[in-house]
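Q: here is my input, please return the structure:
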Amino acid sequence: MAENSDLNFVQGTPAVVIDKVSMTYRTTSRTRQNALSSSSGWAGLKNAVKQSKAVEVTALKELSLVVEHGESVGIIGRNGSGKSTLLKLVGGQVPPTSGAVYATSTPVLLGVNAALLPGLSGDENIVLGCLAMGMSRRQIDEKYDAIVDLSGLEDAIHMPMKSYSAGMASRLRFAIAASIDPEILIIDEALNTGDAQFKDRTRKRMMELLDQAGTVFLVSHSMATISDLCNRAIWIDQGELISDGEPAAVIKWYRLFTQKMAAGDRVGALKLRRRMIQDLEIADVSDRNSARRAGA
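A: Numbers count the residues shown, from 1 in each chain. Predicted structure coming up:
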């Protein structure tokens, strides 16, 4: 993990440029008939492997976005729509099948860059996680109390992390990731974990990041979280960008779409989906001189 750049980025200038990015995975599949006809045991397993064929699964269709410093972008959509895939591409965890992602600094992907060890205590993991993100021991000492306070773990910070609940571990990862004042922070569902006090603390921290001309990408199924914390929202469905704009408007159309789907009105839902795509303005990514490839 590279240390933060000393450059001062100005709100309203590009932070992340996503240039015609798509993601396709190759996997294997068997037909239902072959699966049912396969015999049991080792011979059946070998036969099944022979009958398997390679297939391509499109997780994200060609997509272009320009995200500026000071923007907090909420990403919404049904399960399997490509939201987490988009975050991995922005964070540089996986390379796109086509296109490129450019960023003015290395994005911090919550819960990934702060790779913690279950056998160590919470306070030991704070040191480990911060060192992994390029901080010095002096910086860690200066940030330690703020990290513990943000995590809300109190005395549990001295217990082994393997004794933590999933929520406690997520809170610690968020506190560590947010401690380095990243220019670009990527969060996948982390804010839905924890009590009201923790959510208030994370909201305050995100507002501080935005005030520092930071950029936040947030995936959440909570529309209230998107409304409260984001000044821009994008809706992705089946790997395709459907809508991009003010959170209230994007959430309104997304809710109407899901309501139609839940009511069995698939025709009406697809008409709405097509209309949103037709109204979508494709981002102009021609000016990307101030950004570099994400993950580089």
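Q: okay but Gln212 is in contact with Asp181, surely?
A: Yes - between Gln212 and Asp181 there is a contact at 6.2 Å, judged by C-beta atoms under 8 Å. Heads up, the C-betas are built off the backbone N, CA and C, glycines and all.
Q: who are the packing partners of the helix or strand harbouring Ala233?
A: In this structure, Ala233 sits in strand 232-237 according to DSSP states H and E. If contacts are counted by 3 or more C-beta pairs under 8 Å, 6 or more residues apart in numbering; DSSP states H and E, strand 232-237 sits against strand 53-68, strand 72-76, strand 240-245, helix 247-262.
Q: need the ones you listed in CSV (columns: mean pLDDT, distance to Arg138 and mean neighbour count).
A: Converted to CSV, the helices and strands packed on strand 232-237 look like this (pLDDT from 0 to 100; distance: least, C-beta to C-beta, whole Å; neighbours: other C-beta atoms under 10 Å):
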stretch, mean pLDDT, distance to Arg138, mean neighbour count
strand 53-68, 88, 32, 16
strand 72-76, 94, 30, 25
strand 240-245, 95, 42, 20
helix 247-262, 96, 39, 16
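Q: got those as TSV, with distance to Ala132 columns?
A: Converted to TSV, the helices and strands packed on strand 232-237 look like this (distance: least, C-beta to C-beta, whole Å):
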stretch	distance to Ala132
strand 53-68	25
strand 72-76	25
strand 240-245	33
helix 247-262	33
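Q: Ala103 is nearest to which of these?
A: Minimum separation from Ala103 across these (C-beta to C-beta) falls at strand 53-68, 9.2 Å.
Q: which SS class is Asp149?
A: Classification of Asp149 using DSSP: H, G, I helix; E, B strand; the rest coil returns helix.
Q: what lines up beside the strand holding Ala233 in the sheet?
A: Using DSSP bridges, the strands paired with strand 232-237 are strand 72-76 (parallel), strand 240-245 (antiparallel).
Q: now it: average pLDDT?
A: Average pLDDT, strand 232-237: 96.
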